[in-house]
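A.B. asks: give me the fold of what follows.
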Amino acid sequence: MAEADIIGAIVDLLKADSNIAAAGDLVFGGELPANETANMPRRAIIVQPSGGVSLAAGSFINHDTQRVDLFCYGKTPYEAEDLRRLARRALTSVRRRIVGGCLIHWAEPAGGFSAGRDRDAAWPVAFQSFQVFYALQEV
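C.D. replies: Below is the predicted model:
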């Protein structure tokens, strides 16, 4: 059986959220595609895996936790922060839901949020990390 793609599942989850989709926001896993940079800054979300301690370490369960970072961009700092709030609401409302073949049990903030400017392009960005508990095998 294939291993679940937690980053792809989170991208799918955010794309399917009616509040995020209604605003025409773009959601990508890993990084912003090169062909999108010419259109920035605009509302976009980048989902990136990041480090952290697994809550399943030392167990024999076929589940794990993954820390993910959300980078939410906008034309203005307010727009970037507004998008982060929408993404937070979408993620933290998940309870035992299958998305893109991945069973996600929950997603919780892994700390506070921050806002500022992208260090490379100076685009407004809001940032927050989440810890996600999910099944390792695709369902």
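A.B. asks: quick check, central residue of this structure?
C.D. replies: Val47 (4.0 Å; CA atoms, centre = their mean).
A.B. asks: thought that residue was touching Cys72?
C.D. replies: No - contact between Val47 and Cys72 fails when scored by CB atoms under 8 Å: they sit 10.1 Å apart. C-beta here means a position set from N, CA and C on the backbone, and glycine is covered the same way.
A.B. asks: for this protein, longest helix please?
C.D. replies: Assignment by DSSP state H gives helix 77-92 as the longest helix of the chain.
A.B. asks: contacting residues for the residue nearest to the centre of the chain?
C.D. replies: Residues near Val47 by CB atoms under 8 Å, 6 or more residues apart in numbering: Ile7, Ile10, Val11, Leu14, Val27, Phe28, Gly29, Gly30, Val68, Asp69, Leu70.
A.B. asks: could you give the number of residues near the closest residue to Ala80 other than its chain neighbours?
C.D. replies: Excluding the flanking residues, the one nearest Ala80 by CB to CB, 6 or more residues apart in numbering is Gly74, at 3.6 Å. Counted with other CB atoms under 10 Å, residues neighbouring Gly74 total 24.
A.B. asks: how about Ala115?
C.D. replies: For Ala115, using other CB under 10 Å, the count is 16.
A.B. asks: ok, the closest residue to Phe127 other than its chain neighbours - contacts?
C.D. replies: Distances taken as CB to CB, 6+ apart place Ser114 nearest to Phe127, at 5.0 Å, with adjacent residues excluded. Listed by CB under 8 Å, 6+ apart, the contact set of Ser114 reads Ala126, Phe127, Gln128.
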